[in-house]
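>>> quick one: sequence and predicted model below, then my questions.
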Amino acid sequence: MNKEHEFEDASPNQRETFSGDGRRVIRHDAGDLPQILDQLGMALAETENNLFRQSGRLIRIYPVDDTKQSVIKRAKGSITLHPVDGAHLTELATRAATHERYDGRIGDYKICNCPRAVSEAYLSRGHWPELQELSGFVESPTISIDGRLIDQPGYDAETGIFAAFGDIPRYKSPSKKPSLKQAKESAQLLLDLVADFPFVADEDHSAFVAGILTALLRRSLPAAPMFAVTAPTPGTGKTLIAETFAIIATGRRASVISLGHDEAEFEKRLGGVGLAGDSTIVIDNIERPLKGDLLCQMATQEFVKLRPLGGSGMVSISTAVLLVATGNNLSIVGDLKRRVVLIRMDSKMERPEQRTFSNDHLETVFARRGELIRAALTIPLTYLANEAPAIKGVHPLGGFEHWDRLVRRPLIWLGLADPLKAAETLRDNDPDIETMRLLFSAWESKWGHEPVTSADLVSAAMQSMSLPGGGFEYSHPDLRDALQMVCSEKINARRLGYWLRAHKDRIIDGKQLVAAGTGGHDKVARWKVIGG
């Protein structure tokens, strides 16, 4: 037996005992389970630097062992979060303290492993205030919401961020109060990195820089928009842009998932990303319209509840991951449009993959990573050091106020284009908005501001008139075309009614669809278009 030292605890029914090597001694006596669990929690807090609580679970940070068997493709050495189960916690608990159980044969206490039942009971508590709360881990220096630089490895108690990096070649801490000149030089350094890339306009260059900043700051931001990289043809460099964000943030190429054709399975894969704690994830080569409630929630909410792949229960996960979508002529529809920063490229070539670059882009990013991190962090630090001045005519992006202050506004302040400007084209190209425009125009031509039912709309759309010599044509072709777009298949009053309810009070080009009460014997809902 080790020599022991006993100390009185604050509770008169509990004693803290330590062995000669400084570890707690936990005696597993019948009837003492609550005190045993308290002691175990303190022992884990004192000895385990890689055990955290997050969203109602215990986790550790590990590098990925096998990158080939997962539906999420990760680079070798990627760091992810791993849940701690009862068996694993038994190992950690046995290492964290000296466990003893009374042995009647020798009339004294004898060293033992932590009983599995004790580990399971500790896990079942579901609340472990003695352990460190993990908001996320970073693999590069970052900035907190209040503008504090975090570039020392280890756990940052104020933010809950664990800095999982060592020395980064060519990285030097930015000045505490960088000058405007330094900030402009830093922005230009980042822009020069992609001088060979065929961005469409200045706002696309600015959106690229915003992507780098977002990748570095995402763990500190409660919300951040998704980035979407699009081009007319394959081989333009979309994936290289996404990889650039990941390499600067993590030192490795991006983790990748596919959108696939099953939305439910995609949401489970996305849940796996959240559970694993990936900091940057690329949804690559998208071939269908990108939309969905989950993607909207991932951008605007700090936590979402999901059923992970292979699981049966709902879990709460952090959304602090940079989402990057790539595709040819990307179509982004629905509410996701206002949650996206668009980066457009166009080489104006039939075979853009045959272009010649001045250097190996990704090799350059790897080699200069530390320098690029310093340059990127200098930009928001300079803006904050100048008391984050207001910018005339620039309104905050609702739901993304912190991102707006730390990413978007510093770039505009330096003279770069608004990184959100390119995303305005998404609204003009949204099929749903095109449908509303066509329907409202045809509706107004036929009825003006008069209230009508969905059946009235269908009846008018199907009206036709005979043509001399045979055949017929529709009396209101624009209205029929609009209802075909609304109903997707056969024009149907019930389906149209669902669409009208879903689009109630929407305003497009100054025109608004509003409910106009009910009428007739059947009390059927009536609708009208006002404004314009």
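Right, received. Where do you want to start? Numbers count the residues shown, from 1 in each chain.

>>> domains for the chain, by residue range?
4-69+79-131, 180-428, 431-531 (automatic domain parsing).

>>> what's the most buried one of the ones you listed?
Sort these by mean neighbour count, taking mean count of other CB atoms under 10 Å, and domain 180-428 sits at the top with a mean of 19. In this view, the C-beta of every residue, glycine as well, is placed from N, C-alpha and C.

>>> who's in contact with the closest residue to Ala516 other than its chain neighbours?
Of all residues not flanking Ala516 in the chain, Pro451 sits nearest, at 3.6 Å (CB to CB, 6 or more residues apart in numbering). Contact partners of Pro451, counting by CB atoms under 8 Å, 6 or more residues apart in numbering, are Ala516, Gly517, Gly519, Arg526, Trp527, Lys528.

>>> returning to that earlier point: rebuild the domains of the chain as TSV, extending it with mean pLDDT and distance to Tyr171.
Formatted as TSV, these follow (pLDDT from 0 to 100; distance: least, CB to CB, whole Å):
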stretch	mean pLDDT	distance to Tyr171
domain 4-69+79-131	86	18
domain 180-428	89	3
domain 431-531	85	45
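
>>> now tabulate the ones you listed in a markdown table and tack on distance to Leu149.
Shown next, in a markdown table, are the domains of the chain (distance: least, CB to CB, whole Å):
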| stretch | distance to Leu149 |
| --- | --- |
| domain 4-69+79-131 | 21 |
| domain 180-428 | 7 |
| domain 431-531 | 42 |
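
>>> sorry, back to before: any chance of the contacts of Pro451 in CSV, with distance to Lys184 and secondary structure too?
Below are the contacts of Pro451 laid out as CSV (distance: CB to CB, whole Å; DSSP: H, G, I helix; E, B strand; the rest coil):
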residue, distance to Lys184, secondary structure
Ala516, 56, strand
Gly517, 59, strand
Gly519, 64, strand
Arg526, 59, strand
Trp527, 53, strand
Lys528, 53, strand
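
>>> for Ala231, which residues make a bridge with it?
Asn328 (DSSP bridges).

>>> relative to Leu275, how far out is the residue nearest to the spatial centre of the chain?
Against the mean C-alpha coordinate of the chain, by CA atoms, centre = their mean, the closest residue is Val321 at 3.9 Å. For Val321, the distance to Leu275 equals 11 Å [CB to CB, to the nearest Å].

>>> equivalent analysis for Leu362, please.
28 Å.

>>> on the three-state scheme, His449 is what?
coil (DSSP: H, G, I helix; E, B strand; the rest coil).

>>> which one of the contacts of Pro451 is nearest to Gln54?
Trp527 (47.5 Å; CB to CB).

>>> related to what we said a few turns ago, phi, psi for the residue nearest to Ala516 please.
phi -70, psi 140 (degrees, to the nearest 10).

>>> I'd assumed Val64 was in contact with Ile79.
Yes. Ile79 is within contact range of Val64, at 7.5 Å (criterion: CB atoms under 8 Å).

>>> from Met298, how far off is the residue nearest to the centre of the chain?
Taken as CB to CB, the span from Val321 to Met298 is 7 Å.

>>> same thing with Val333?
Applying CB to CB to Val333 and Met298 gives a distance of 16 Å.

>>> and if you look at Phe357?
From Phe357 to Met298 the distance is 33 Å (CB to CB).

>>> tell me where the stretch 401-532 of the chain has strands.
464-466, 472-474, 507-508, 511-519, 524-531 (DSSP state E, counting those that start in this stretch).
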